[in-house]
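Enquirer: Structure, please.
(2 chains)
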Amino acid sequence: MNIMSDPNAARKGWLGLLAKSPAADVARLWAALQVASDHTILRAPEIGSVMVRGRAGAVGAAFNLGEMTVTRASVKLADGTVGHGYVQGRDKDHALQAACVDALMQTDAATSVNAGLLMPLQTMADKYKSDRAAKAAATKVDFFTMVRGED
Amino acid sequence: MYVAVKGGERAIDNAHAWLAEERRGDKAVPELSVPQIREQMALAVNRVMAEGSLYDPDLAALAIKQARGDLIEAIFLIRAYRTTLPRFGGSNPIETETMTCDRRVSATFKDAPGGQVLGPTFDYTHRLLDFKLAADGDVDDAPLGTPHPDATPHIMSFLDQEDLIQSEPQGAETPADLTRTPLELPASRALRLQSLTRGDEGFILGMAYSTQRGYARNHAFVAELRIGAVAVEMDIPELGFAIEIGEITVTESETVNQFQGSKTQPPQFTRGYGLVFGMTERKAISMALVDRALRWKELGEDNVGAPAQDEEFVLYHSDNIQATGFLEHIKLPHYVDFQSELELIRKLRREAQENIMQEAAE
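Expert: Take a look at the predicted model:
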């Protein structure tokens, strides 16, 4: 999906990145961020579950695969901007920080939040993925055909 | 008559205190941490997540520690915890097509686009104990290759293009959920798959093996086995659109099975499907075989009376928490029940004895 066709693509992108990033990384980068983030809590962090679904035969009817833990929170900045956080796992600070980042990304602070928090998270996620992909690639089987000497 | 009995509180408390001490083991040996279990007993963690039906590696590792490595006990702890969580909703079905594959093999096509990627597998190891692991834990870094930039399409999509494989029917957008409504028979395929994916690995393996040995034989090829990370997306009402709420590792197994045709339809291969949390390939392949066996009715096959075709037998006995709950309760006090049995058998024996004496006297 590209940003041109989906007006929510950018917000989807940062919310997804925040949800998937390790809580410890978000906490560390958040603590180092020099951005005012006075806010009131609209929804206190809440731990719950989401039923994950799959499809029969990968393409057919949906079925329930099992649940995963998710924590959510919502905040409102002093200027009224609302932010929501939905993150994987059970870390309440993670959800709250995600909600604050979501709100700040809709304000003038977006540039510094993006540079100080989202971009480093994306870099770490990309590195993790490319490292695993490289290890997987090293285990790719190269078949070769044995040519029999019958000429 | 119901007789209430009190007592045993002190014995129970002391038993649990001793359990805690035994769990810790020899204090001269360093204590195992939850992250150590999560990282180094990852396949046990995966099994607990799959059968506990809750994806959370830290909780599964904690459960394994608390259960002293008894995985069914750990699964029980996870199932109990799961019931305490409010449910925020259901995800959109995960797109396994977009999986970042750690492993992807096909037993049917050597030159599958995307290639045969072995991943961190036990396959082709010699199954010899490695005493180096007992000495030190140092490992070399795994070699790196050059990832291919292309997607890894499902093998089945190639067969589907040629119409060689039966198509998958679509179903309800919100599938029935056996954690909300008790399982009733006949069960939809969605319910069967939910039941199988959280079922006991040993039981599902045994059922799958029985089909291979001839009880409802359906000759499965593993068209594709893939393991890797896939994003989970959910619609968020307050946002008005869907976002990724996490990423999970799953194992997907697709089998291609022997075909059927009719006067109106040319022969087509049939499918079995397995999808399980974590790196759990034995379970996923087993699930696909049992799924295929249970589909006999919708595929117009004969019921040959094989256990794996009997959905009541399979689905009602695959859950190890239900099974262990009922099985293990018989070790708990049944003093009053047994007292009545005892009185009955004494009475019967007394009557029998009296009859013998009477006959002897006559």
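Enquirer: If you rank every helix and strand of chain B by mean pLDDT, what lands last?
Expert: helix B:132-135 (a mean of 87; mean pLDDT, DSSP states H and E).
Enquirer: Please compute how far it lies from its chain's middle.
Expert: Relative to its chain's centre, helix B:132-135 lies at 31 Å (C-alpha atoms, centre = their mean, to the nearest Å).
Enquirer: and what of stretch B:198-207?
Expert: That offset, for stretch B:198-207, works out to 6 Å (C-alpha atoms, centre = their mean).
Enquirer: Could you check that stretch against chain A for contacts?
Expert: Yes: contact of stretch B:198-207 with chain A (C-beta under 8 Å from any C-beta of the partner chain) involves B:Arg198. For the C-beta atoms, the positions are set from N, CA and C on the backbone; glycine is no exception.
Enquirer: On the C-terminal side of the strand or helix carrying B:Leu193, identify the next helix or strand.
Expert: Per DSSP states H and E, B:Leu193 falls inside helix B:189-197. Downstream of helix B:189-197, the first helix or strand assigned by DSSP H and E is helix B:201-212.
Enquirer: buried ones in that following helix?
Expert: For helix B:201-212, a neighbour-count test (16 or more other C-beta atoms under 10 Å in any protein chain shown) marks B:Glu201, B:Phe203, B:Ile204, B:Leu205, B:Met207, B:Ala208, B:Ser210, B:Thr211 as buried.
Enquirer: and if you look at stretch B:37-46?
Expert: B:Ile37, B:Arg38, B:Met41, B:Ala42, B:Ala44, B:Val45, B:Asn46.
Enquirer: and what of stretch B:60-75?
Expert: Going by 16+ other C-beta under 10 Å, stretch B:60-75 has these buried residues: B:Ala60, B:Ala61, B:Leu62, B:Ala63, B:Ile64, B:Lys65, B:Ala67, B:Leu71, B:Ile72, B:Glu73, B:Ala74, B:Ile75.
Enquirer: Next: stretch B:111-128.
Expert: Quick answer for stretch B:111-128 (16+ other C-beta under 10 Å): B:Ala112, B:Gly114, B:Gly115, B:Gln116, B:Val117, B:Leu118, B:Gly119.
Enquirer: Intersect the residues you listed with the contacts of chain A.
Expert: Among the buried residues of stretch B:111-128, chain A is touched by B:Gly115, B:Gln116, B:Val117, B:Leu118, B:Gly119 when using C-beta under 8 Å from any C-beta.
Enquirer: that older thread, on contacts alone, who are the packing partners of the helix holding B:Leu193?
Expert: For helix B:189-197, the contact count by 3 or more C-beta pairs under 8 Å, 6 or more residues apart in numbering or on different chains; DSSP states H and E identifies strand A:62-77, strand B:268-277, helix B:281-294, helix B:311-317 as packing neighbours.
Enquirer: Let me know the angle separating it from strand A:62-77.
Expert: Orientation of helix B:189-197 against strand A:62-77 (axes from the mean of the first three to the mean of the last three C-alpha atoms, to 10 degrees) gives an angle of 80 degrees.
Enquirer: what about B:Cys101, how many neighbours?
Expert: B:Cys101 has 22 neighbours, counted by other C-beta atoms under 10 Å in any protein chain shown.
Enquirer: Phi, psi for it please.
Expert: With angles defined as degrees, to the nearest 10, B:Cys101 sits at phi -80, psi 130.
Enquirer: you'd agree it is up against A:Ala136?
Expert: Yes: here B:Cys101 lies in contact with A:Ala136, judged by C-beta atoms under 8 Å, at a distance of 6.5 Å.
Enquirer: any shared contact partners between those two?
Expert: Counting by C-beta atoms under 8 Å, 6 or more residues apart in numbering or on different chains, the common neighbours of B:Cys101 and A:Ala136 are B:Val117, B:Gly119.
Enquirer: if I look at A:Val70, how far off is B:Arg38?
Expert: Per C-beta to C-beta, to the nearest Å, A:Val70 is found 19 Å from B:Arg38.
Enquirer: tally of neighbours for B:Gly325?
Expert: Here the count is done by other C-beta under 10 Å, and B:Gly325 has 11 residues near it.
Enquirer: Surely it is within a strand?
Expert: No: secondary structure assignment (DSSP: H, G, I helix; E, B strand; the rest coil) places B:Gly325 in helix, not in a strand.
Enquirer: check contacts around it.
Expert: Residues near B:Gly325 by C-beta under 8 Å, 6+ apart: none.
Enquirer: 10 Å instead?
Expert: B:Phe76, B:Asp319 (C-beta atoms under 10 Å, 6 or more residues apart in numbering or on different chains).
Enquirer: Tell me, what's the model's pLDDT at it?
Expert: For B:Gly325, the pLDDT comes out at 94.
Enquirer: could you dump the buried residues of stretch B:37-46 to TSV with distance to B:Arg350 and pLDDT?
Expert: Formatted as TSV, these follow (distance: C-beta to C-beta, whole Å; pLDDT from 0 to 100):
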residue	distance to B:Arg350	pLDDT
B:Ile37	58	98
B:Arg38	62	98
B:Met41	58	97
B:Ala42	62	98
B:Ala44	55	98
B:Val45	58	98
B:Asn46	58	98
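Enquirer: can you tell me which two in those residues are farthest apart?
Expert: B:Ile37 and B:Asn46 (11.8 Å; C-beta to C-beta).
Enquirer: Identify the contacts common to the two.
Expert: Common contacts of B:Ile37 and B:Asn46 (C-beta under 10 Å, 6+ apart): B:Pro57, B:Ala60.
Enquirer: so where is the chain shaky, pLDDT-wise?
Expert: The chain I'm using is chain A. A:1-4, A:145, A:149-151 (pLDDT under 70).
Enquirer: That was the other one, I meant chain B.
Expert: Looking at chain B by pLDDT under 70, you get B:1-5.
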